[in-house]
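Novice: coordinates for the following, if possible.
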Amino acid sequence: MVRAALLSAYELARLESTLKEAELIIQEVPAVVRCPVCETARPAVSAYDIRCAECVGSGGNMTMCVPVTALAHAPGHDPP
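Specialist: Below is the predicted model of the structure:
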């Protein structure tokens, strides 16, 4: 995800909601791939280059495993 685009979209959506005071919390995590050469989950070279950063190989199907969590918090409201 591109951080600036997410923040911009959130600001627009927030203005039209009842949670005008809500804050968007973004936690950036590294891209991770399941490397068929290393036979384990490894960091990707980058979010745009999903080859294994350890062996830089792409010997098979690389599956990006990136957990994405977006959380909006409004003051005075506890998250679920």
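
Novice: my read: Leu24 touches Tyr10, true?
Specialist: Yes. Applying C-beta atoms under 8 Å, one finds Leu24 in contact with Tyr10, separated by 4.6 Å. No exception for glycine: its C-beta is placed from N, CA and C like everyone else's.

Novice: tell me the contacts of Ala53?
Specialist: With contact set as C-beta atoms under 8 Å, 6 or more residues apart in numbering, Ala53 has these partners: Arg42, Pro43, Ala44, Val45.

Novice: can I get these in CSV with secondary structure and distance to Val33?
Specialist: Converted to CSV, those look like this (DSSP: H, G, I helix; E, B strand; the rest coil; distance: C-beta to C-beta, whole Å):
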residue, secondary structure, distance to Val33
Arg42, strand, 6
Pro43, strand, 8
Ala44, strand, 5
Val45, coil, 9
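
Novice: out of those residues, who's nearest Val56?
Specialist: The shortest approach to Val56 among the contacts of Ala53 belongs to Val45, at 6.8 Å (C-beta to C-beta).

Novice: separation between the closest one and Glu11?
Specialist: Val45 sits 32 Å away from Glu11, going by C-beta to C-beta, to the nearest Å.

Novice: more neighbours: these two, which one.
Specialist: Val45 (16 against 10; other C-beta atoms under 10 Å).

Novice: hang on, the earlier thing: taking the contacts of Ala53, please make a PyMOL selection of just the buried ones.
Specialist: Those of the contacts of Ala53 that count as buried under 16 or more other C-beta atoms under 10 Å are selected in PyMOL with:
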select buried, resi 42+44+45
